[in-house]
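Asks: The sequence isn't on hand, but the structure is:
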């Protein structure tokens, strides 16, 4: 039995309590009054239901051709380092999981991870629903990998097979990107209009085929407003936001930083747009804080590959939201724990998202009095860098508990 006492965060209140976790089953067996004699006794730290990242690219697949960037072992290490107790893995690999056989083969690889992993299955032109309940991912427009749709008609035909399923969308319209392919910068080659047009198409498909839809990494407040209008009609759609679209904007670019921050969809927005996204996240218009963790080597970034790693800094970033943008601990719980649990619990045997008897004993402890300067030697991701290197976050995740097992920094 593991016991921990401190300030527990729930949606309705903060309270000082004691949590007992059965380390055999990994489940919470009791939440009660503190005694001062727990295995771990905390003072001012916050105890959250464990943070869940719904958008990760761990890179490892059956081919093992991209293990040099990241694998499930190092992704799991980076997750616990960042206060993340579970993550969902995207399917745009050289060997994507698109059917029962390829999905099961990739799932076996996740056993290396310190944290549980849920796999998305990919949707392509000739794929079908798997026999098990899983989340699916659609790539509208070319990103990293070769599984994507070039025209709306192909996507429509494919999605007919997935009625009622959980489908997440990468929204960048390929026609608009083709029209802008000769523009000078990466940002101009993937303009705002590409995201907005693709969101329109995705929302149409979600409604047409009664999908449980999720729009990934939205970068524009106009996109959020489109999604909110559809939500108001009762259409089941949720939305993610990334740390890079919350923190960086075009006013920060230098020639060197532009390459490091290259990502799809791009960081192309104004400061006003970025601040509007932060407000939308705080106000509840955006459902999930999800990283789009995409580990590439420093050499690959210099060559112009899109994506950046974030698992190591997930928990620390939440302290920036609390300190600099007045997010409450309850706000952080909503966007990092409870909403993400509402998604991942559809595919997990354990129940995430609450500190409650019978729920998984996976917790994230945040210390707002322990600043965290991001330096390369403290990162666990195999690619070995962070866009936040040199930046000091106001607080840090000091303890990550995964099914009753303690990982302390």
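Replies: Perfect, thanks for sending it. Note that the structure is predicted; figures quoted are calculated from it, not measured.
Asks: only C-alpha atoms for contact and neighbour calcs from this point on.
Replies: Fine.
Asks: any idea how far residue 51 lies from residue 79?
Replies: The gap separating residue 51 from residue 79 is 9 Å, by CA to CA, to the nearest Å.
Asks: between those two, what contacts are shared?
Replies: 85, 86 (CA atoms under 8 Å, 6 or more residues apart in numbering).
Asks: Comparing those two, which residue is more hemmed in?
Replies: Using other CA atoms under 10 Å, the more surrounded residue of residue 51 and residue 79 is residue 51, with 33 against 29.
Asks: which residues does the more buried one contact?
Replies: Going by CA under 8 Å, 6+ apart, the list of residues near residue 51 reads 83, 84, 85, 86, 315, 333, 336, 337, 363, 364.
Asks: and it, what are its bridge partners?
Replies: residue 84 (DSSP bridges).
Asks: what about the closest residue to residue 305 other than its chain neighbours, distance to residue 371?
Replies: Distances taken as CA to CA, 6 or more residues apart in numbering place residue 262 nearest to residue 305, at 7.1 Å, with adjacent residues excluded. Distance of residue 262 to residue 371, computed by CA to CA: 27 Å.
Asks: And residue 338, by the same measure?
Replies: Counting by CA to CA - residue 338 and residue 371 are separated by 25 Å.
Asks: Also residue 363?
Replies: For residue 363, the distance to residue 371 - CA to CA - is 20 Å.
Asks: residue ranges of the helices in the stretch 151-300 of the chain, please?
Replies: Taking DSSP state H, counting those that start in this stretch as the criterion, the stretch 151-300 of the chain carries its helices at 152-159, 174-179, 186-189, 192-208, 221-231, 243-247, 255-260, 271-283, 298-302.
Asks: Give the rounded mean pLDDT of the second one.
Replies: So that's helix 174-179. The predicted model assigns helix 174-179 a mean pLDDT of 92.
Asks: rewinding a little: can you put the helices of the stretch 151-300 of the chain in a markdown table and add mean neighbour count and distance to residue 36?
Replies: Output for the helices of the stretch 151-300 of the chain, formatted as a markdown table (neighbours: other CA atoms under 10 Å; distance: least, CA to CA, whole Å):
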| stretch | mean neighbour count | distance to residue 36 |
| --- | --- | --- |
| helix 152-159 | 16 | 55 |
| helix 174-179 | 17 | 59 |
| helix 186-189 | 18 | 54 |
| helix 192-208 | 20 | 51 |
| helix 221-231 | 18 | 46 |
| helix 243-247 | 21 | 37 |
| helix 255-260 | 14 | 47 |
| helix 271-283 | 18 | 34 |
| helix 298-302 | 14 | 47 |
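Asks: would you turn those into TSV with distance to residue 379?
Replies: Shown next, in TSV, are the helices of the stretch 151-300 of the chain (distance: least, CA to CA, whole Å):
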stretch	distance to residue 379
helix 152-159	39
helix 174-179	35
helix 186-189	28
helix 192-208	32
helix 221-231	32
helix 243-247	17
helix 255-260	17
helix 271-283	26
helix 298-302	14
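Asks: Ok, which of these comes nearest residue 45?
Replies: helix 271-283 (21.4 Å; CA to CA).
Asks: Could you count how many residues lie near the closest residue to residue 170 other than its chain neighbours?
Replies: Nearest non-adjacent residue to residue 170, counting by CA to CA, 6+ apart: residue 139, 4.9 Å away. When neighbours are defined as other CA under 10 Å, residue 139 has 25 of them.
Asks: list the contacts for residue 139?
Replies: Counting by CA under 8 Å, 6+ apart, residue 139 makes contact with 147, 148, 149, 169, 170, 171.
Asks: what's it sitting at in phi/psi?
Replies: phi -110, psi 110 (degrees, to the nearest 10).
Asks: Just want to check the distance between it and residue 315.
Replies: Distance of residue 139 to residue 315, computed by CA to CA: 28 Å.
Asks: Also residue 78?
Replies: On the measure of CA to CA, residue 78 and residue 315 end up 11 Å apart.
Asks: Same question for residue 387.
Replies: Distance from residue 387 to residue 315, by CA to CA: 15 Å.
Asks: now swap in residue 215 and tell me
Replies: 22 Å.
Asks: what about those two, which has more around it?
Replies: In this view residue 215 and residue 315 are compared by other CA under 10 Å, and residue 315 has more residues nearby, 29 against 23.
Asks: Enumerate the positions of the helix or strand hosting that one that are buried.
Replies: Using DSSP states H and E, residue 315 falls within helix 314-325. By 16 or more other CA atoms under 10 Å, the buried positions in helix 314-325 come out as 314, 315, 316, 317, 318, 319, 320, 321, 322.
Asks: so who does residue 297 touch?
Replies: Shown in contact with residue 297 (CA under 8 Å, 6+ apart): 69, 383, 384.
Asks: And these, which is closest to residue 309?
Replies: So of those, ranked by how close each gets to residue 309 (CA to CA), first place is residue 383, at 8.0 Å.
Asks: doesn't residue 299 make contact with the closest one?
Replies: No: using CA atoms under 8 Å, residue 383 is not in contact with residue 299, being 10.0 Å away.
Asks: wait, which of the helices of the stretch 151-300 of the chain is closest to residue 290?
Replies: Here helix 243-247 is closest among the helices of the stretch 151-300 of the chain (CA to CA), at 7.6 Å.
Asks: quick one: residue 103 is in a helix?
Replies: Yes: judged by DSSP: H, G, I helix; E, B strand; the rest coil, residue 103 forms part of a helix.
Asks: And for it, the neighbour number?
Replies: 23.
Asks: so how far is residue 107 from the closest residue to it other than its chain neighbours?
Replies: Leaving aside its sequence neighbours, residue 103 sits nearest to residue 97 (CA to CA, 6+ apart; 4.4 Å). Using CA to CA, we find residue 97 at a distance of 9 Å from residue 107.
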